[in-house]
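Engineer: Below: sequence and its predicted model.
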Amino acid sequence: MKFSFDKKEIVDVLSKIQGLTGRKTNLTITSDILIKAMGSNITITANDLETVFFGTYMAEVEKEGVLSINSKKFFEIIKEYPENKIIVNEVENRWVEIGEGDSVYHIVSSDYANFPETPVIENIEFIEISSRDLKKMVDVSAIVGYSGEEKRIYVLGSLIEKISNDTGEKIRIVSTDSRRLNCCDAPFKGHFQMPDESVIIPKKGLSELSKFIDSGVDDIRVGIKDNYFIFQNQNESIMIKLLEGDYPKYQPVLNYEGMIPVEMDRNMFSTLMKRVSILTSDDYKSVILNFKNSELVVTITNPEIGESKERMMISYFDEEIKSAFNPKYFIDALSLFKDSIVVINIKDNKSPCIIRSMDDDNLVCVIMAMHIS
């Protein structure tokens, strides 16, 4: 095979798929990308056995063919190549020549017959969702991570379901690590056909999807079929294999009826949390939030480092409440909101804290209380 392409058209996508091809699997060839040259296009496929990327790009194809080549090395060569037009030529015994003239690389390719098969999913009933809403939903999910030793399905993945309320049908994503929970809703267009009432999508697949959501595009198509969540824009598709398992009943955690709402300046509160978090460590992760008459006092005592106290004036006139939380969770949650004022709902020293917007409930963040030592 032999083809040439515009560096500016390809280098960005090669950069984005490095997370996929850099992930360790039980097949070494998943560190490759599959390139097919046909007609006036090339297609690039990356597959880590759980998430599949497929994109089509314009090229000048002199000789059609297929090759499987190391993704990282190919990206690095293309990124640093001095010319904008780049020629790729498969010579013999799977050796590939990249470039011409003064800059030429020769690297060996793999047997493309060993590349994982790309799922063929047809007759997908897509819905359309605002690119901005989809990006927000994915970011809301991704900010709640997990450790490398995690085995719980509901922590490894995020729940996707369709809900109905007074404003119509919406798509919802829920993400938790059992110490905090984020919930985000967004409207959509079309008929959302799901195999079950809800599905669980791997968070690592969603984190790769985030790289391909173009906020400059109005709407993006997504669908669920044959155990895959499918994302599609003009020339690129991503298929994420769904996880099998049950998701815990999360709805009661979102209920803030009977709690005390406290309006907070989001930036001021976030900055305060960043300052007190300086003295946290692996063994001492909590700070004490003391809500009392007209003020919030935040303290941390870390025997390994020292102590700190911060005071913030707030509109609070109920009984004094003293509770412990991880400040990092507040910093993460507050970064998801855009409003200058957020509502912090509290109840007692053992109940979770629920953060929401003053205007709507499309985004709700729940932070579990910690034990006060």
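Structural biologist: Arrived safely, thanks for sending.
Engineer: quick one: buried residues of stretch 249-256?
Structural biologist: Neighbour-count burial for stretch 249-256, counted by 16 or more other Cβ atoms under 10 Å, picks out 253-254, 256. C-beta here means a position set from N, CA and C on the backbone, and glycine is covered the same way.
Engineer: And for stretch 223-230?
Structural biologist: For stretch 223-230, by 16+ other Cβ under 10 Å, it's 223-225, 228-230.
Engineer: now stretch 319-326
Structural biologist: 321, 323-326.
Engineer: Pick the one among the residues you listed closest to S198.
Structural biologist: Taking Cβ to Cβ as the measure, S198 lies nearest N326 of these, at 27.6 Å.
Engineer: surely that closest one meets V276?
Structural biologist: No: counting by Cβ atoms under 8 Å, N326 stays clear of V276, with 11.1 Å between them.
Engineer: For these two, list the residues in contact with both.
Structural biologist: Listed as contacting both N326 and V276 by Cβ atoms under 8 Å, 6 or more residues apart in numbering are V287.
Engineer: got the contact list for stretch 34-41?
Structural biologist: Applying Cβ under 8 Å, 6+ apart, the set of residues contacting stretch 34-41 is 1-3, 42-47, 56-61, 63-69, 88, 112, 115.
Engineer: swap in stretch 282-297?
Structural biologist: With Cβ under 8 Å, 6+ apart as the test, stretch 282-297 has contacts from 260, 262, 273, 276-277, 280, 298-305, 309-318, 320-328, 346, 370, 372.
Engineer: picking up where we left off before, make a ChimeraX selection of the buried ones in the contacts of stretch 34-41.
Structural biologist: Applying 16+ other Cβ under 10 Å to those leaves a buried subset, and the ChimeraX line that selects it is:
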select :1,2,3,42,43,44,45,46,47,57,59,61,66,67,68,69,88,112,115
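Engineer: For the helix or strand containing F74, name the packing helices and strands.
Structural biologist: For F74, the host element (DSSP states H and E) is helix 71-80. Counting contacts by 3 or more Cβ pairs under 8 Å, 6 or more residues apart in numbering; DSSP states H and E, helix 71-80 packs against helix 7-16, helix 18-21, strand 32-38, strand 95-100, strand 103-108.
Engineer: What mean pLDDT does the fourth one get?
Structural biologist: Model confidence over strand 95-100, given as mean pLDDT, is 95.
Engineer: tell me the angle of that strand relative to strand 32-38?
Structural biologist: With axes from the mean of the first three to the mean of the last three Cα atoms, to 10 degrees defining the directions, strand 95-100 sits at 70 degrees from strand 32-38.
Engineer: Could you list the alpha-carbon positions for strand 95-100 in PDB?
Structural biologist: Extracted in PDB, the C-alpha atoms of strand 95-100 (Å, rounded to 0.1, in the frame of the first residue of the first chain):
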ATOM      1  CA  TRP A  95       8.400  -2.900   6.500                       C
ATOM      2  CA  VAL A  96       6.900   0.600   6.200                       C
ATOM      3  CA  GLU A  97       8.700   3.600   4.800                       C
ATOM      4  CA  ILE A  98       7.500   7.000   6.200                       C
ATOM      5  CA  GLY A  99       8.500  10.200   4.500                       C
ATOM      6  CA  GLU A 100      10.800  11.000   1.600                       C
END
